[in-house]
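Student: Could you look at this predicted model? Sequence included:
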Amino acid sequence: MEFFDKLTKKASETYKGAAEKTGKLAREAKLKIKINENKSKINDIYEEIGKKVYQKHTSNEDICIKKDLEDECGKIDVLSAEIEEYHKEILELSNEKACVNCGEHMGLDAKFCPKCGKEQPEIKEEPAKEVEVINENVSEESSSEEYNEESKEECNTEEGNTEESNNQE
């Protein structure tokens, strides 16, 4: 009977280990899919930025990059931050860390990077942070009209300052 108890226990442990490993691999695959989705969204935003710049160019309008493209750049920043978090989570799932100098993946206990030789700081365990995503549903049309008026005024002000400084030189 003892033999069957040991066999059952060993089979149970093996199953738990396999289930945990499978769960990690599935989570890693999902994170990689999210990373690729975000990269695709970023490329779409780049395309939209290019279209806006070209439309301003063809209509002979002055381009105020700071205000005209601020929303798109903000979206890229958010998506890039999400990608970075996904990469960190993938490293945690595989029990690895990235070099602070070159980004090479290495074991958590490594004191020096195997690629560049840079000494690595010790990892301190931090409690998980909870993040709340708030989606503001503002009327697109009215907010974009207000935004366009404000950005035109600011661009005109900036252009006036630039022209004045050019005239002074």
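Tutor: Alright, I've got the coordinates.

Student: Going by C-alpha atoms from here, please, whenever you check contacts or count neighbours.
Tutor: Fine.

Student: Show me the shaky parts of the chain.
Tutor: The model of the chain has pLDDT under 70 over residues 63, 65, 123-169.

Student: Not counting its neighbours along the chain, what's nearest Glu119?
Tutor: Excluding its sequence neighbours, the residue lying closest to Glu119 (C-alpha to C-alpha, 6 or more residues apart in numbering) is Phe112, at 4.4 Å.

Student: cool, Pro121 as well?
Tutor: Lys111 is the one closest to Pro121 (C-alpha to C-alpha, 6+ apart), at 7.4 Å.

Student: coming back round to it: hmm, Gln120 and the residue nearest to Glu119 touching each other?
Tutor: Yes - under the criterion of C-alpha atoms under 8 Å, Phe112 makes contact with Gln120 at 5.4 Å.

Student: What ranges does this structure have for its strands?
Tutor: Along the chain, counting by DSSP state E, strands occupy 96-98, 105-107.

Student: and these, which is most packed in?
Tutor: strand 96-98 (a mean of 18; mean count of other C-alpha atoms under 10 Å).

Student: which helices and strands sit right next to that one?
Tutor: strand 105-107 (3 or more C-alpha pairs under 8 Å, 6 or more residues apart in numbering; DSSP states H and E).

Student: one step back: what degree of burial does the residue nearest to Pro121 show, as a neighbour count?
Tutor: 15 (other C-alpha atoms under 10 Å).

Student: Likewise for Ile90?
Tutor: 21.

Student: got a list of what it touches?
Tutor: Listed by C-alpha atoms under 8 Å, 6 or more residues apart in numbering, the contact set of Ile90 reads 28, 31.

Student: and if we set it to 7 Å?
Tutor: Glu28 (C-alpha atoms under 7 Å, 6 or more residues apart in numbering).

Student: picking up where we left off before, does the residue nearest to Pro121 really touch Glu119, like I thought?
Tutor: Yes - under the contact definition of C-alpha atoms under 7 Å, Lys111 touches Glu119, with a separation of 5.9 Å.
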